[in-house]
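>>> everything below, folded, please.
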Amino acid sequence: MKKFGFSPKRSSSSFIAHYPSPSRFSLPTPSRSLSDSVMVQTLENAEPLIVKWDLETSTYAKVTSLFYDNRREALEFMKIVNKLHKAMRMLAAENSNSELLIRAQHLMQIAMKRLEKEFYQILSLNCAQLDPESVSTRSSGTSARSSVSDFVDESDNDEIRVVTELITEVEDAAEGIMIDLKLIAECMISSGYGKECVNIYKTIRKSIVDEGIYKLGVEKMKSTHARKMDWTVLDIKIKNWLDAVKITVKTLFNGERILSDHVFASSNAIREACFNEITKEGATILFLFPETVAKNSKKSAERIFRMLDMYTAIANQWPEIMSIFSFQSTSSSVNQALNSLIKLGETVRLDLTEFETLINKESLKTTVSNSGVHKFTIESMNYISLLGDYGVLTDILHEYPLPEKSQLPETFFDQSLYADSPLSLWLAWLIFVVICKLDGKSKHYKDVSQSYLFLANNVQYIVSKVRSSRLQYLLGEDWANKREADVKKFAVSYEQVAWSHVIDVVPTNVTEMAREEAINSFKKINMVFEEVHRKQLAVVVPDGKLRDEIKVSVAEKLLPAYREFYEMQRVEVAKERKFAGVVKYAPEDIGNALSDLFFGSGSASVLVSASMSESRTSLSR
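Numbering: from 1, shown residues only. Sure, this is the predicted structure:
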């Protein structure tokens, strides 16, 4: 045996000497020690089986697998080899120059070559049964057979039975393969042939890991490539990485860790070295990718979300990463994953600041002709609401407070309530900057009523976006209620500016009004209402609830007074036929006209024509 420092002097064919039966040496004699007697008996038992499987002398042994041909004989082979090794150790302690020891060493070499080939064959021919997914699934205590009912109709008991039997057969076969590998590895390692065993294992299993990572679309990327790459192309590679990272960590790396722990359970040093060698390159490629992208990718609106996606992916897998790569020798893989997290966080913070800068750069002069929701509002809130979906931002923004200049008014957001939530503070600040920009835009409307309606529409959109996303939990109910109160204030201001002329022109004291005065009032109401109605047909209120609230509020202030005036004076005015056309609109016409508002139709011709026709018919009665 190599570790005893012996060199073989005979070939395997020289094992033809016959020793006396071990029973004749049941007691030590002056010429033969107990260790000699044990060795003689061991050689006598071991030689026939070991020589039978000699690769050098047996054609049968070259083309046949010991473990596949006769597993019971394979187990017996392992027992004999272990007994031979023990006998060699015993004899070496007494007489390291013994002829018996040299003969045993030759026999041991034959056995080790046989086991080396068996180990290689079992590993290479059973890749499907030893795929990392199957290994990791079995190790977790779950079995595919337990979930058969999830995929097969429970009413089909025969099908369930057949499928379960097939799965059981496959799982049992895989378990047997792992047991055989462990037996061979322990035997070879204890016999001083661990290096040969480990080299075979590392070569085969590393190729499986490398191929798996390649098939999952993860590739090594240089910084120069990332800098030159178009964002759309890089985005595809990031998506591939996101799809692959969970599988790679939970299945590929985890499965390899479990397999190496099982096969080399007898040696912590060997299982650590094997796992490190097998996964180091693949782990570096996987965990270096986010750092390379974060450092070198071009700026784009979507970049921050891809950085957050990658950060989330690593953060979600962090417990598994720490557990799988818990060896001292694999700490570089953990450090690389950590470096990627750090760099991703830095890039996210940079992009967040850049987003604030873009908001501030938005031109105040770009408004919306119909006072509706500005594209700037939609895009900004889409961006901010997406940010709210990433819980990892809390970790990224930890100890990264708002700039000193970024002080939120207490009326807008109570920072004291969210002192421990940097994400809430940041999002509230960004929305505040958006609203300030909208306020600046509103001042560029020539019609003051439109400026108020513009603010009501856009702040209402912001509130709706908050309430329909995770932002409602981050900003709180109080924040949303305050913004809704702002919307109502803007709506009231719009109503006062846009409709006060119509409301004020309707007489309130109509019981003793002269006919001439009534005629003039109808004329004035017609003129003012048509002018205001025509203007307001051009504006829009996208939010249905806000639209109805404004209509109802205007109607409640205008219609009761107009109905009273109309009912009291229309008959009196109609007595003079030449003034019959003065009464253009019945109260129902006014109500219908109001109901048509805020859809951005921009035309009142149909309304006026229909109203005049209806009013004349009513008056003629």
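>>> how is the chain divided into domains?
2-194, 202-338, 362-494, 506-620 (automatic domain parsing).
>>> gap between residue 450 and residue 367?
Distance from residue 450 to residue 367, counting by Cβ to Cβ, to the nearest Å: 9 Å. For the C-beta atoms, the positions are set from N, CA and C on the backbone; glycine is no exception.
>>> the two - which one has more neighbours?
More crowded of residue 450 and residue 367, by other Cβ atoms under 10 Å: residue 450, with 23 against 19.
>>> so the residue nearest to the more buried one when sequence neighbours are not counted, which state does it fall into?
Nearest residue to residue 450, sequence neighbours excluded (Cβ to Cβ, 6 or more residues apart in numbering): residue 371, at 4.6 Å. When classified by DSSP: H, G, I helix; E, B strand; the rest coil, residue 371 comes out as coil.
>>> residue 371: neighbour count?
Residue 371 is flanked by 28 other residues according to other Cβ under 10 Å.
>>> buried sites along stretch 222-240?
Across stretch 222-240, burial judged by 16 or more other Cβ atoms under 10 Å covers 226, 229, 231, 234-235, 237-238.
>>> and what of stretch 265-272?
By 16+ other Cβ under 10 Å, the buried positions in stretch 265-272 come out as 267, 270-272.
>>> just stretch 83-97 next, same as before
In stretch 83-97, counting by 16+ other Cβ under 10 Å, buried: 84-85, 87-88, 90-92.
>>> in JSON lines, list these along with secondary structure, distance to residue 386 and pLDDT.
Listed next are the buried residues of stretch 83-97 as JSON lines, based on DSSP: H, G, I helix; E, B strand; the rest coil; distance: Cβ to Cβ, whole Å; pLDDT from 0 to 100:
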{"residue": "84", "secondary structure": "helix", "distance to residue 386": "68", "pLDDT": "93"}
{"residue": "85", "secondary structure": "helix", "distance to residue 386": "65", "pLDDT": "92"}
{"residue": "87", "secondary structure": "helix", "distance to residue 386": "72", "pLDDT": "90"}
{"residue": "88", "secondary structure": "helix", "distance to residue 386": "69", "pLDDT": "90"}
{"residue": "90", "secondary structure": "helix", "distance to residue 386": "72", "pLDDT": "87"}
{"residue": "91", "secondary structure": "helix", "distance to residue 386": "75", "pLDDT": "86"}
{"residue": "92", "secondary structure": "helix", "distance to residue 386": "71", "pLDDT": "81"}
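>>> mind putting these into JSON lines with distance to residue 47?
Below are the buried residues of stretch 83-97 laid out as JSON lines (distance: Cβ to Cβ, whole Å):
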{"residue": "84", "distance to residue 47": "9"}
{"residue": "85", "distance to residue 47": "15"}
{"residue": "87", "distance to residue 47": "12"}
{"residue": "88", "distance to residue 47": "14"}
{"residue": "90", "distance to residue 47": "18"}
{"residue": "91", "distance to residue 47": "16"}
{"residue": "92", "distance to residue 47": "19"}
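>>> from those residues, pick the one nearest residue 572.
Minimum distance to residue 572 across these is 125.9 Å, recorded for residue 85 (Cβ to Cβ).
>>> I figured that closest one hits residue 188, correct?
No - contact criterion Cβ atoms under 8 Å: residue 85 and residue 188 do not qualify, at 10.3 Å.
>>> so which of the buried residues of stretch 83-97 comes closest to residue 384?
Nearest to residue 384 among the buried residues of stretch 83-97, counting by Cβ to Cβ, is residue 85 at 69.9 Å.
>>> mind checking how far the residue nearest to that closest one when sequence neighbours are not counted is from residue 104?
Excluding its sequence neighbours, the residue lying closest to residue 85 (Cβ to Cβ, 6+ apart) is residue 191, at 5.1 Å. Distance, residue 191 to residue 104, by Cβ to Cβ: 11 Å.
>>> those two: which is more packed in?
A direct count of neighbours by other Cβ under 10 Å for residue 191 and residue 104 places residue 104 higher, at 26 against 22.
>>> what's the more buried one sitting at in phi/psi?
Residue 104 adopts backbone torsions of phi -60, psi -40, taken as degrees, to the nearest 10.
>>> leaving out sequence neighbours, find the closest residue to it.
residue 88 is the one closest to residue 104 (Cβ to Cβ, 6+ apart), at 5.0 Å.
>>> same check, this time on residue 327
residue 272 is the one closest to residue 327 (Cβ to Cβ, 6+ apart), at 4.4 Å.
>>> what does residue 75 give?
Spatial nearest neighbour of residue 75, excluding adjacent residues (Cβ to Cβ, 6+ apart): residue 183 at 7.7 Å.
>>> mind checking how far the one you found is from residue 198?
Taken as Cβ to Cβ, the span from residue 183 to residue 198 is 16 Å.
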